[in-house]
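Student: Return atomic coordinates for the entry below.
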Amino acid sequence: MTRVSIKCDPLKRKKSMERLKAYERKTYIDRIPICFGVEARYLLAQRGIGFLEYFESPESNFYHQIMNFKWRMENIEDDFLGCQEVRVFPDFQNTTTAGLFDETSIIWDDVQPPRVKPFILTIQELRKCGIPDMDKGMAARKRMYIQRMKELAKDYIVEINGEPVPIVVSMGWHETMMSGAIDMLGENLFLWMYEYPEDIKNFLNILTDASILFEKTMRAVSGEKREGADAIADGGEMLSADMFKEFMVPCYLKFYNAFKGQRRGLHMCGKIDHLLGVLKDDLRITMLNGFGFSVNPENIASIVGSAFFYSGGINPMLLWKGAMDDIKKEVLRYVEVLGRFGTYMMADGYNVVPGTSVETMNAIVAYLDEIGLPWR
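Tutor: The predicted structure is shown next:
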C-alpha cells in the first residue's frame, strides 16, 4: 500500500470548501473564488518530469497525476484547496477524439504536449469517414488505462492533513466535435464548409455520434456517474455566429441531449464575444469552463450576466511576465465587472504558462482576500 501525505493550511482549506459550496448557489461569502488553470504541462515542468514519462504507462500516468495533485495542494493557495477527492484519468491531452479515428496521427514529444497531425487531406477521404471501432485505437488505450488505474487506486491511500480522501478514476475529457474536426482536417475544415457544406455536415454528424459513443463507452468502463455532459469547442471562435449556428450548434445539442441531466458544460477559450449569445440562447450551456483573456468581460456582463456559470479571465502572459501592479489592475477589473452576478469564478484565461511564479499566483489570492466584495 502506497500512502501519499499532503499538508496544507487547514483553515484555508475549510474556507475554500465553503466558497465552492456557496458558488454552487450563485453567491459569495467573502470574495470571488479563484481556481487557476494549472494543468499537467505546468505541474510536470515544476516537478522536472517529461511528457514521455508521463504518458509511458497507466502506472506512470496514475502516479504522476497523484504527485501533481500533491504538489498543487501544497504550493498554490487558490480554492482548488477545497477539493474533496483526487481525480485521475487516462490523460493524453488534446488527442483523444482524433485518436479514435487514427491514433498514428499523434505526435509525441518529451518537452511539449502531444498534438495531432491532420490526416484527412482530401474530400474523398472525408467521404469515406465512418464511426471508429471502440475496441481499437485511442478508445482501446483509454479503456485499458481506466481498468488499470482502478486497480492501482486500491493500492493507494491519499491523505490531506491526516484525513483520507477518495481516489476517483474518471474517464477524463475529450475534445468532441469542433476541436476534433480541426485536429483531423486542419484548415480544410473551414475551406470545405464553403465548398462542400453538406459533406462537412455529414462528417460532423459522424464525429458527434463517435463522441457520444466514446463518452458512453468510457463512462461504462469507469463506472463514473455524470450529470449531463461537458464538451470542448476551441477553434469555434474562427466561425461567424451564423456559421457556428449552422454547422456546430446541431452537433453540440445532439451531444448534450444524449445524456441525462441539466449540466451543459463547455470549454471555449478563444475570442468568443460574438458567440456569447449563441452559447446562452441556442446551446443553453450551464457552465463556460475557462474563457480566454481576449473576451471582453463587459460583453460577458451585458450578454450573459447570471445566465450560466463561467470561469476564466487573466491573461496568462501577464501572469507569467507582468508587473504585479498591472496584474492587480486586471484582477480588480474582473471583480468589478463580473463579481456582482454570483456566477463568476476567477481564473487565468487560459491556462497557466509553465514557469509562472507560484508567488505571483498566491499574491493574487491574497489580493482577492484584501479587496473582498467591494460592491457590498
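
Student: these two touch, right, Met177 and Ala233?
Tutor: Yes. Met177 lies in contact with Ala233 (CB atoms under 8 Å); the separation is 7.5 Å. Glycine gets a C-beta too; all of them are placed from N, C-alpha and C.

Student: Identify the contacts common to the two.
Tutor: Shared contacts of Met177 and Ala233, defined by CB atoms under 8 Å, 6 or more residues apart in numbering, comprise 248, 252.

Student: ok, Asp183 - contacts?
Tutor: 94-95, 97-98, 105, 116, 118, 175.

Student: scratch that, Leu283
Tutor: With contacts defined as CB under 8 Å, 6+ apart, the neighbours of Leu283 are 249, 252-253, 256, 264, 266.

Student: which SS class is it?
Tutor: coil (DSSP: H, G, I helix; E, B strand; the rest coil).

Student: quick one: it from Leu253, how far?
Tutor: Per CB to CB, to the nearest Å, Leu283 is found 7 Å from Leu253.

Student: Next: Thr176.
Tutor: In terms of CB to CB, Thr176 sits 12 Å off from Leu253.

Student: ok, now Ser357?
Tutor: Taking CB to CB as the measure, Ser357 falls 42 Å from Leu253.

Student: ok, the contacts of Leu283 vs Pro132, which is closest?
Tutor: Within these, the smallest distance to Pro132 is 19.7 Å, found for Tyr252 (CB to CB).

Student: now whichever strand or helix holds that closest one: mean pLDDT?
Tutor: Using DSSP states H and E, Tyr252 sits within helix 249-257. In this model, helix 249-257 has a mean pLDDT of 98.

Student: how far out from the middle of the chain is it?
Tutor: 18 Å (CA atoms, centre = their mean, to the nearest Å).

Student: again with stretch 55-71
Tutor: 18 Å.

Student: Please point out which parts of the helix or strand encompassing Glu330 sit buried.
Tutor: Using DSSP H and E, Glu330 falls within helix 324-338. Neighbour counts over helix 324-338 (16 or more other CB atoms under 10 Å) mark 327-328, 330-331, 334-335, 337-338 as buried.

Student: and the residues you listed as TSV, adding pLDDT?
Tutor: What follows is the buried residues of helix 324-338, written out as TSV (pLDDT from 0 to 100):
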residue	pLDDT
Ile327	97
Lys328	97
Glu330	96
Val331	97
Tyr334	97
Val335	96
Val337	96
Leu338	96
